[in-house]
Structure formats: structure tokens, C-alpha cells
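>>> What shape does this take:
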Amino acid sequence: MLKYYYKSGNTEKLEELDAFKKGTWVYVENPTKEEIATLIETHHLDEGLVSDALDEDEMPRFERDGELVYIYVRAAIALSNGAFDTLPLLIVYGPEGVITISLRKLPHFAPFFGNKLEFNTTHRTHLMLEILNQFAEQYDKYITVTSKQIKIVRNRLRGHEIRNKDFIDFVTIEDEINEFLAALLPASATLRRMKLGRSIDLKEEDMDLIEDLELSITQSIETCRSNTKSIINIRQAYSSISSNNLNRSIKILTIVTVMITLPNIFFSMYGMNIKLPYADAEWAFGALFAVVGIVLVLSYIVLKRKRVI
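Modelled structure (predicted):
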């Protein structure tokens with residue numbers, strides 16, 4: 001899909017145009033080969049750089065070709081199963097307008113079409129920075145969701161209610177966090193490069209927006225790293241708790257075995273078919289029972305002093 005959108009200070013709503021004119025936002029979503037060819041020919045884009053934007057595994061980076069600046073980012077999306085993923089988004093900043101190319105519909109653009117943002121397509125730099133701002137806000141939203149998921153599992157750990165499924169979910173969450181970091185770290189580097197002002201002319205208000213963006217992305221990066229540490233700590237804590245519980249179970253079973261074995265030694269001895277001292281005495285069973293009781297009590301005292309139980 002290839003569409004042209006225009007909005008200036010004199011228009012209240014975003015208008016869709018039939019053809020391109022200066023100051024237009026060229027919106028490209030899941031384009032066909034014909035639309036890509038038209039886009040390249042009309043706006044004199046580099047075919048190789050545009051093709052990179054259609055690669056699902058394309059990494060974020062910053063390129064310049066003449067007067068055109070190519071900014072590759074990876075936008076976060078929510079999948080139907082509740083997980084998160086990232087897809088490439090190319091922003092082409094040129095002297096006549098801004099071009100965005102994505103493989104599918106992205107939630108980042110919804111505020112633009114819903115008239116929820118104050119922007120003009122004629123202000124190219126502000127439009128590009130507003131797109132990047134929505135990109136950062138979407139990451140912040142999804143990272144908050146993963147933080148809550150980790151917090152829920154951490155609370156269950158305190159009540160020893162953690163399940164094996166939680167650790168399977170952790171694998172998915174860790175993959176998502178790594179995807180986020182792989183997208184946010186280059187994005188932060190891109191903003192630092194933009195601040196130099198060599199590729200894009202920036203006004204004072206643009207610099208302020210870039211600094212806010214950089215701060216937001218830095219906070220998201222730190223949150224991702226904190227979540228990774230939390231997952232590692234939960235996993236290590238659960239491993240320690242499991243090992244401790246296993247040791248306690250083995251210790252209890254060992255003690256029970258010893259307590260059963262000690263009486264069995266004496267009773268087995270007098271159960272043999274040979275003559276034993278006092279075997280015919282009426283008090284022999286009571287005495288044997290008393291000796292067994294004393295041995296068990298002494299064994300308990302020794303184990304207690306040794307802090308075995």
C-alpha cells in the first residue's frame with residue numbers, strides 16, 4: 001500500500017492526496033513490487049537500501065545517500081499469542097518530505113491517523129522525530145507489560161507457588177527483552193549521531209525533543225537490563241530453594257531410615273532361631289523394647305546437637 005498524506009498549519013486533519021507534492025508524508029505499508037519500483041523512480045531512492053527495509057531481519061542503522069537520510073529502526077509489535085516481536089521500519093528523510101516503509105501495519109502510526117498528535121507533514125524534522133517518539137513510547141508500553149509479568153512470578157516465588165510453566169515463559173520474555181535491546185541500543189546511537197547536526201538540520205525545539213527521546217530510550221534500555229537481572233535472580237533463587245528442599249527431603253528420609261533400622265537390629269537379633277541370653281525370660285521383650293527406646297532417644301539427642309535435625 002502506497003499513500004500520500006499532507007497536513008500543514010492551515011489544515012486541521014491529515015489529508016490523503018492522489019499524488020506527491022512537496023511536504024507530503026509518503027506512507028508505505030506492505031508494498032508490492034510495482035509500488036516499490038514507483039517509489040524508487042519517483043523519489044530517486046537507492047534500490048538496495050529500500051530492499052533492506054523489506055528484510056524481516058534487518059538491523060537498525062543510519063545511512064546517508066546524497067541529500068537523503070535513511071534511518072532503520074525495529075518497531076515493537078504485539079503478536080496474537082500475547083508475545084512481542086520487532087519488525088523493521090525505514091524512515092527516509094529528504095529535502096521534499098518524509099517516507100516511511102514497513103512490512104505491515106504498525107500500531108505506532110495510529111495516533112497520527114486518529115488526529116491525536118499535533119504535527120505537520122511540512123515540518124519534516126518534527127514529523128520524523130514524532131515517529132521516533134511513538135516508536136519509543138510503544139517500547140516503553142511493552143517493556144512495562146514484561147516487567148509486570150516478571151513481578152507476578154516473583155511474588156509467587158515468595159509463596160513457593162512458582163510453576164515450571166513460569167520458566168518456559170521466562171525463555172520467551174528473555175528473547176523479547178534481547179530483541180528490544182537489539183533495537184533500542186542502535187536507536188540510541190542514531191539519536192546521538194543526529195544530535196551532531198551533520199545530516200539533519202535541527203532547531204532548538206528539535207534538539208529538546210531528541211534529548212527527551214534519548215532519555216526515554218535510555219530508561220527503556222536500563223529497564224530491560226533490570227528485567228534480565230530479575231529473571232536471572234528468580235531462576236537462581238528457585239534453583240537454591242529446590243536444592244535446599246531436596247536436601248531436606250533426603251535428610252528426613254535418611255533419619256527415618258536410621259530410626260527404623262536401629263530397632264530392627266535388636267528385634268531381628270532376638271528373632272533368630274538360636275539361643276540368646278534371657279530369651280526365655282518373661283521380661284525380655286519389655287527390656288528389649290526399653291533398650292530400643294533409649295537408643296532412639298540418644299540418637300535423637302545426638303542428631304539434634306549436631307544440628308542434623
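>>> what about residue 24, how many neighbours?
Summarising burial for residue 24: neighbours were counted as other CB atoms under 10 Å, giving 21. In short, each C-beta sits where N, CA and C put it, glycine included.
>>> Who are the contact partners of residue 67?
Taking CB atoms under 8 Å, 6 or more residues apart in numbering as the criterion, residue 67 is in contact with 94-95.
>>> And it, how far from residue 200?
Between residue 67 and residue 200 the distance, using CB to CB, to the nearest Å, works out to 11 Å.
>>> now the closest residue to residue 13 other than its chain neighbours: how far from residue 305?
Once its chain neighbours are removed from consideration, residue 13 has its nearest residue in residue 115; the separation is 6.0 Å (CB to CB, 6 or more residues apart in numbering). Applying CB to CB, one obtains 78 Å for the distance of residue 115 from residue 305.
>>> Which of the two has more residues huddled nearby?
A direct count of neighbours by other CB under 10 Å for residue 115 and residue 305 places residue 115 higher, at 11 against 8.
>>> Settle this for me: that one is touching residue 11, isn't it.
No - when contacts are counted by CB atoms under 8 Å, residue 115 is not listed as touching residue 11 (11.0 Å).
>>> Between its first and last residues, how far does stretch 18-28 reach?
The first residue of stretch 18-28 is 14 Å away from its last residue (CA to CA, to the nearest Å).
>>> Also stretch 14-23?
Between the opening and closing residues of stretch 14-23 there is a gap of 12 Å (CA to CA).
>>> and the gap between the closest residue to residue 15 other than its chain neighbours and residue 26?
Once its chain neighbours are removed from consideration, residue 15 has its nearest residue in residue 6; the separation is 5.0 Å (CB to CB, 6+ apart). Here residue 6 is placed at a distance of 10 Å from residue 26 (CB to CB).
>>> confidence score at the most centrally placed residue in the chain?
Centroid-nearest residue in the chain, with CA atoms, centre = their mean: residue 177, separated by 2.8 Å. The model reports residue 177 with a pLDDT of 89.
>>> pretty sure it is in a helix, no?
Yes - per DSSP: H, G, I helix; E, B strand; the rest coil, residue 177 lies within a helix segment.
>>> got a list of what it touches?
146, 224, 227-228.
>>> pretty sure residue 57 is in a strand, no?
No - secondary structure of residue 57 (three-state DSSP): coil, not part of a strand.
>>> The one helix or strand residue 150 maps to - contacts with which helices or strands?
Element membership for residue 150, per DSSP states H and E: helix 124-158. Counting contacts by 3 or more CB pairs under 8 Å, 6 or more residues apart in numbering; DSSP states H and E, the secondary-structure elements packed against helix 124-158 are strand 68-78, strand 84-93, strand 97-102, helix 110-113, helix 164-195, helix 204-269.
>>> Please name whichever of these is nearest to residue 151.
helix 204-269 (8.2 Å; CB to CB).
>>> The helix or strand following that closest one versus helix 204-269: what angle between them?
Past helix 204-269, further along toward the C-terminus, the next helix or strand under DSSP H and E is helix 284-305. In terms of direction (axes from the mean of the first three to the mean of the last three CA atoms, to 10 degrees), helix 284-305 departs from helix 204-269 by 160 degrees.
>>> Need the mean per-residue confidence for helix 284-305.
For helix 284-305, the per-residue pLDDT averages 78.
>>> What of stretch 260-280?
The average pLDDT for stretch 260-280 rounds to 72.
>>> So which bits of that stretch are buried?
residue 263 (16 or more other CB atoms under 10 Å).
>>> Okay, now it: how far is its last residue from its first?
Here stretch 260-280 reaches across 25 Å from its first residue to its last, counting by CA to CA.
>>> contacting residues around it?
If you take CB under 8 Å, 6+ apart as the criterion, stretch 260-280 is touched by 284, 287-288, 291-292, 295-296, 299.
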